[in-house]
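Peer 1: could you work out the structure for the sequence below:
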Amino acid sequence: MGVNGAESLLAAAREAGVPVCFANPGTTELPLVEAFDSVGGIRTVLGLSEGVVTGAADGYARMTGRPAMTLLHLGPGFANGIANLHNARRARTPVINVIGEHATWHQAADAPLASDIDSLARPVSGWVGRTSGAAAAASEFLAARQAALRDRMPATLIAAADHMWDDGGEPAAVPPEPGPATVDRERVSGIAKLLAGPGRPALLLGGAALGADGIRLGARIAAATGGDVFAERNPSRIERGPDVPAVRSLPYFPEDTLAALEGYTHLVLVGTGIPVAFFGYRGQPSVPVPAHVQVHALADLDEDAVDALGAVADATGATSIEPPVRERPAPRAPEGELHAKAVATAIALSQPDRSIIVNEGVTAAAAYPAVATAAPAHTELGLTGGAIGMGIPVATGAALACPDRPVINLQADGSAAYTVQGLWTQARERLDVTTVICANSRYRILEAELGRAGVRHPGPAATGMTDLGAPAVDWVALATGFGVPAVRATTGEELTAALENAHAQPGPHLVEAVLP
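Peer 2: The predicted structure follows:
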């Protein structure tokens, strides 16, 4: 029997190893909704908002390295998910968006939900395409999949409803997965000579170079050449553990980054770009690298950074060198009133081995890496693009990707309110996610930025736009309403006990950590 366009598209996705689709569909996507049952082999996960859908796809792909699929409803539905696709693009995450479009013969009627989907998609997609008919739907989906893997960022296929429901779908052969380009060996040789020469180098690692192998190689090279290793700010993914050398992240504010890099002569970029300040501050540079520091690129974002580090290690004789072992003192268990470091410490001291930490603490975000060296082996996923509301969705996707690993979401209260609906998906899918809400009832980062701008005594309008305490959000009630067991903690002792209890029981949990 013949198949329609939707069935051929999903069959191609299944054969290409796309095992999950995060979805919030509408009427134009109903042919695809129906086809999931007839094709089989792809797990569907419903999100109650598109920001949950796109963020979960990001988290899934960060942990597997393979593309996750989203199914979204026309332009407005896609627009609701753009913020977390912005983060996915900055994270270099392969996501395949399938966006339903009106039937081709209906598009000229300018229906209420009609919009310029292509223009919405381009800023957050490395590739944008449209289906041309039922017969080509499978091959066009595979083109999107190839682009997502090649560019390591979202790709978007806009699927007209009639192309999905029409018969005549044809199978398509799955092409080999594209891999990263190998770094030119002349460049490797030049960097190796530079590192072996005079001066004090710093390696700045990003992307795949922040895996365990890349960090070990970077630490060996630094030990052999008298340099140091840094991690890019807000990495997509970084590995830590007793057998992984500790690396410092570059600071948030540009003046602090300038100070951190002051003592070096060379900055070698490995799998990342040159540091850029999050915002433009009066009197501060956009690129916070001291003028005397020479910047060199070993591997760009599209190249095999770990292979390049291995080649440099061979060329510098660093392969056999063990970096100095740094002490990893265990912090004291938090007691009494909570603050950012107390919350981070409670997480680090209680987290199970091989946990996945999703860090959207915003102002509390830096507190966790500062104590994480005392924790068991774990993976941390960061807020790459600065668009808040990623923590709960990314944790959802990471838990689906790695059901054998506990997930802990260190989450600011203001950003959690953007995508709190993700708790419902965690409850429905019975995911092992523990969400820790740092509840200070304010947009603390904006208060800090007001102070940096010289606003020492903000007026009632400014205060009203940073204060979340009137009324305060009841996170325990919210979580319970979405089907997630929740408790409130006001002291270090209560928080530690709540975390230990959550880790001892399967399924999702939420702990509201109340900060004064």
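
Peer 1: so where do the helices sit in the stretch 251-400 of the chain?
Peer 2: Counting by DSSP state H, counting those that start in this stretch, the stretch 251-400 of the chain has these helices, from start to end: 254-261, 305-316, 340-350, 367-371, 391-401.

Peer 1: and residue 441, which of the ones you listed is closest to it?
Peer 2: The closest of the helices of the stretch 251-400 of the chain to residue 441 is helix 340-350. By CB to CB, the value is 14.3 Å. Any C-beta I mention is one placed from the backbone N, CA and C, and that applies to glycine too.

Peer 1: which residues are contacting the closest one?
Peer 2: 330-334, 357, 361, 363-364, 367-368, 370-372, 374-375, 408, 410, 436, 438, 492, 495-496, 499-500, 503, 513, 515 (CB atoms under 8 Å, 6 or more residues apart in numbering).

Peer 1: tell me what the host helix or strand of residue 83 is packed against?
Peer 2: Secondary structure from DSSP states H and E places residue 83 in helix 82-90. Helix 82-90 sits against helix 50-64, strand 95-101, helix 391-401, with contacts defined as 3 or more CB pairs under 8 Å, 6 or more residues apart in numbering; DSSP states H and E.

Peer 1: which residues touch the closest residue to residue 195 other than its chain neighbours?
Peer 2: In space, and not counting its chain neighbours, residue 195 is closest to residue 225: 4.3 Å by CB to CB, 6 or more residues apart in numbering. Counting by CB under 8 Å, 6+ apart, residue 225 touches 195-196, 201, 316, 318.

Peer 1: and the gap between residue 225 and residue 272?
Peer 2: 19 Å (CB to CB, to the nearest Å).

Peer 1: next, the angle from the helix or strand bottoming out on mean pLDDT in the chain to helix 340-350.
Peer 2: When the helices and strands of the chain are scored by mean pLDDT, DSSP states H and E, helix 444-452 comes last with a mean of 80. In terms of direction (axes from the mean of the first three to the mean of the last three CA atoms, to 10 degrees), helix 444-452 departs from helix 340-350 by 140 degrees.

Peer 1: show residues contacting helix 444-452.
Peer 2: 253, 279, 281, 362-363, 412, 458, 462, 465-466.

Peer 1: want to throw these into TSV with distance to residue 293, pLDDT and neighbour count?
Peer 2: Formatted as TSV, the contacts of helix 444-452 follow (distance: CB to CB, whole Å; pLDDT from 0 to 100; neighbours: other CB atoms under 10 Å):
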residue	distance to residue 293	pLDDT	neighbour count
253	18	94	16
279	22	92	12
281	20	91	16
362	29	84	22
363	29	82	20
412	33	94	25
458	37	87	17
462	37	84	14
465	38	85	11
466	36	83	17
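
Peer 1: below-threshold pLDDT in this structure: ranges please.
Peer 2: Low-confidence segments of the chain, defined by pLDDT under 70: 1.

Peer 1: tell me the centre residue of it?
Peer 2: Nearest to the geometric centre of the chain sits residue 236, at 4.9 Å (CA atoms, centre = their mean).

Peer 1: that residue: what secondary structure?
Peer 2: coil (DSSP: H, G, I helix; E, B strand; the rest coil).

Peer 1: nearest spatial neighbour of it, skipping sequence neighbours?
Peer 2: Using CB to CB, 6+ apart and skipping residues adjacent in sequence, the residue nearest residue 236 is residue 91, 3.8 Å away.

Peer 1: is that neighbour in contact with residue 62, as I believe?
Peer 2: Yes: shown here, residue 91 and residue 62 form a contact pair, counting by CB atoms under 8 Å, at 6.2 Å.

Peer 1: between the two, which one's more packed in?
Peer 2: residue 91 (29 against 26; other CB atoms under 10 Å).

Peer 1: which neighbours do residue 91 and residue 62 have in common?
Peer 2: 236-237.

Peer 1: one step back: so the residue nearest to residue 195 versus residue 396, what's the distance?
Peer 2: Taking CB to CB, one finds residue 225 at 42 Å from residue 396.

Peer 1: contacting residues for residue 89?
Peer 2: Applying CB under 8 Å, 6+ apart, the residues near residue 89 are 124-126, 153-154, 385.

Peer 1: just name the closest of the residues you listed to residue 15, please.
Peer 2: For those, the minimum distance to residue 15 (CB to CB) is 21.1 Å, reached by residue 154.

Peer 1: mind checking how far stretch 242-249 is from the chain centre?
Peer 2: With CA atoms, centre = their mean, to the nearest Å as the basis, stretch 242-249 stands 20 Å off its chain's centre.

Peer 1: now the terminal residues of it, how far apart.
Peer 2: 18 Å (CA to CA, to the nearest Å).

Peer 1: count the neighbours of residue 130 for me.
Peer 2: Residue 130: 16 neighbours (other CB under 10 Å).
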